[in-house]
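# Below are the sequence and a predicted model for it; my questions follow.
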Amino acid sequence: MKKITKETYLKWYEDMLFWRKFEDKLAQVYINQKVRGFLHLYNGQEAVLAGALHAMDLTKDKMITAYRNHPQPIGMGVDPKKVMAELYGKGTGTSQGLGGSMHIFSKEHRFYGGHGIVGGQIPLGAGLAFADKYKGSDAVTLTFMGDGATRQGSLHETFNLAMLWKLPVVFCVENNGYAMGTSVARTANHTDIWKLGLGYEMPCRPVDGMKPEIVAKELDEAISRARKGEGPTFLEIRTYRYRGHSMSDAQHYRTKEEVAKMQEQDPISYVLHTIFEKKWATEKEIETIDNRVKDLVTECEEFAENSPWPEKNVMYDTVYEQEDYPFLPHKL
């Protein structure tokens, strides 16, 4: 595994703080109706992504996830200004404003979504891995899902074939405790989601998802297995979201006390504490990082605000292949 150093922790702190502030800004502009539709924020789960990115080879490995998907493409190298613009529905966005919050995508940076269908990305992740094996590549695909997606039948079909064909894929459940408003305990007669891998003799285990170095270690091992042709791994990465399932979630299913208790394990605070404990940065140096993050978020917002809307013909061109399609209106 790549060494985890002082520079690693400082990068983790800056990246995780930026992802948090980026999402906070989206929540703010959503209330002002500048971002519309559904909005699912990543607050609290940042250590999962930070650890995963450290373990990956970003020159070839791929990632696919569900609809809580704004920080992931940024971590993979996508310009955050374009991600913000996509959420605004602007033409400068990652999908020219046509995908929106749940469908961020970048083939260039090997980020394959962003999927609004619960569990829909699970077989697609295996498909990406199948393509790499077929082509003789040693790339690995990380396939993320929420705890609710593990109740989809497609997971079992995918697990069966992934093990049968020894596909280079790592399946990662970001178990934040609730599928929308339904707790894990109410969806099955067991709460150890990782045990679903046992039925397929797939290596599987739980992972502390609030500490990036633990996530990095576990994912490094799983990625190494996949890269060597030993097949998939299933990890239940236990984390927590500090905001609702989406912006329209009243959160009646959990108490404020529960959220406050989990905020004591805030992964960003944990990383910052480690930095101070090891004397890797002074308060002034951290303040410089904080200001840099604040400026970048402002830059993203201004870019999205000032970007043009997509041309109307773009929407038709991406839906209709036949140029003289008879049901198009005469005037766009």
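Nice, I can see it. Residues are numbered from 1 along each chain as shown.
# From now on I want contacts and neighbour counts done on CA atoms only, so please keep to that.
Noted.
# any low-confidence regions in this structure?
The model of the chain has pLDDT under 70 over residues 328-332.
# one more time with 50, if that's ok
331 (pLDDT under 50).
# So which residues of it form strands?
62-64, 141-146, 169-175, 178-179, 182-183, 204-208, 233-238 (DSSP state E).
# Any chance of JSON lines for these, columns mean neighbour count?
Putting those into JSON lines (neighbours: other C-alpha atoms under 10 Å) gives the following:
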{"stretch": "strand 62-64", "mean neighbour count": "25"}
{"stretch": "strand 141-146", "mean neighbour count": "26"}
{"stretch": "strand 169-175", "mean neighbour count": "26"}
{"stretch": "strand 178-179", "mean neighbour count": "19"}
{"stretch": "strand 182-183", "mean neighbour count": "15"}
{"stretch": "strand 204-208", "mean neighbour count": "19"}
{"stretch": "strand 233-238", "mean neighbour count": "25"}
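# Could you tell me the end-to-end distance of stretch 202-218?
15 Å (C-alpha to C-alpha, to the nearest Å).
# starting at the chain centroid, how far to it?
15 Å (C-alpha atoms, centre = their mean, to the nearest Å).
# can you check stretch 176-191 too?
20 Å.
# Just the terminal-to-terminal distance for that stretch.
Stretch 176-191 has its terminal residues 12 Å apart, counting by C-alpha to C-alpha.
# Identify each buried residue in it, please.
Within stretch 176-191, the residues scored as buried using 16 or more other C-alpha atoms under 10 Å are 176-181, 183-184.
# Please enumerate residues in contact with that stretch?
45, 146-148, 151, 238-241, 245, 251-253 (C-alpha atoms under 8 Å, 6 or more residues apart in numbering).
# which of these tops the neighbour count?
Within the contacts of stretch 176-191, most neighbours by other C-alpha atoms under 10 Å means Gln45, with 28 neighbours.
# re earlier: can you lay out the strands of the chain as CSV showing distance to Ala126?
Below are the strands of the chain laid out as CSV (distance: least, C-alpha to C-alpha, whole Å):
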stretch, distance to Ala126
strand 62-64, 10
strand 141-146, 8
strand 169-175, 6
strand 178-179, 23
strand 182-183, 27
strand 204-208, 16
strand 233-238, 12
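# Which among these is found nearest to Tyr325?
Among these, strand 62-64 comes nearest to Tyr325, with 33.4 Å by C-alpha to C-alpha.
# Which two of the contacts of stretch 176-191 have the greatest separation?
Arg151 and His252, at 22.4 Å, using C-alpha to C-alpha across those.
# mind checking how far the closest residue to Met145 other than its chain neighbours is from Tyr67?
Distances taken as C-alpha to C-alpha, 6 or more residues apart in numbering put Val173 closest to Met145, at 5.0 Å, once the chain neighbours are dropped. Per C-alpha to C-alpha, Val173 is found 13 Å from Tyr67.
# do Lys6 as well
The value you get for Lys6 to Tyr67, if C-alpha to C-alpha is used, is 32 Å.
# more neighbours, the two?
Shown here are Lys6 and Tyr67; by other C-alpha under 10 Å, Tyr67 has more neighbours (23 against 15).
# Measure how buried the residue lying closest to the more buried one once chain neighbours are set aside is and give me the count.
Leaving aside its sequence neighbours, Tyr67 sits nearest to Met102 (C-alpha to C-alpha, 6+ apart; 4.4 Å). Using other C-alpha under 10 Å, Met102 is surrounded by 23 other residues.
# re the thing from before, out of the buried residues of stretch 176-191, which comes closest to Gly93?
Closest approach between the buried residues of stretch 176-191 and Gly93, by C-alpha to C-alpha: Met180, at 27.2 Å.
# Would you mind giving the contacts of stretch 176-191 as CSV with distance to His115 added?
Shown next, in CSV, are the contacts of stretch 176-191 (distance: C-alpha to C-alpha, whole Å):
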residue, distance to His115
Gln45, 18
Gly146, 12
Asp147, 15
Gly148, 14
Arg151, 16
Arg238, 21
Thr239, 20
Tyr240, 20
Arg241, 19
His245, 15
Gln251, 23
His252, 26
Tyr253, 25
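# Which among the strands of the chain is found nearest to Pro310?
Comparing the strands of the chain against Pro310 with C-alpha to C-alpha, the closest turns out to be strand 62-64 (25.7 Å).
# ok, residues contacting the closest one?
Counting by C-alpha under 8 Å, 6+ apart, 110-114, 121, 125, 139-144 sit against strand 62-64.
# from these, which two are the most distant?
Once C-alpha to C-alpha is applied, the contacts of strand 62-64 give Gly114 and Ala139 as the farthest pair, at 20.0 Å.
# Look at these two and report which has more neighbours.
Gly114 (25 against 22).
# which ones are touching the nearest residue to that one once chain neighbours are set aside?
Once flanking residues are discounted, Gly114 sits nearest to His103: 4.2 Å by C-alpha to C-alpha, 6+ apart. Neighbouring residues of His103 by C-alpha under 8 Å, 6+ apart: 67, 69, 113-116.
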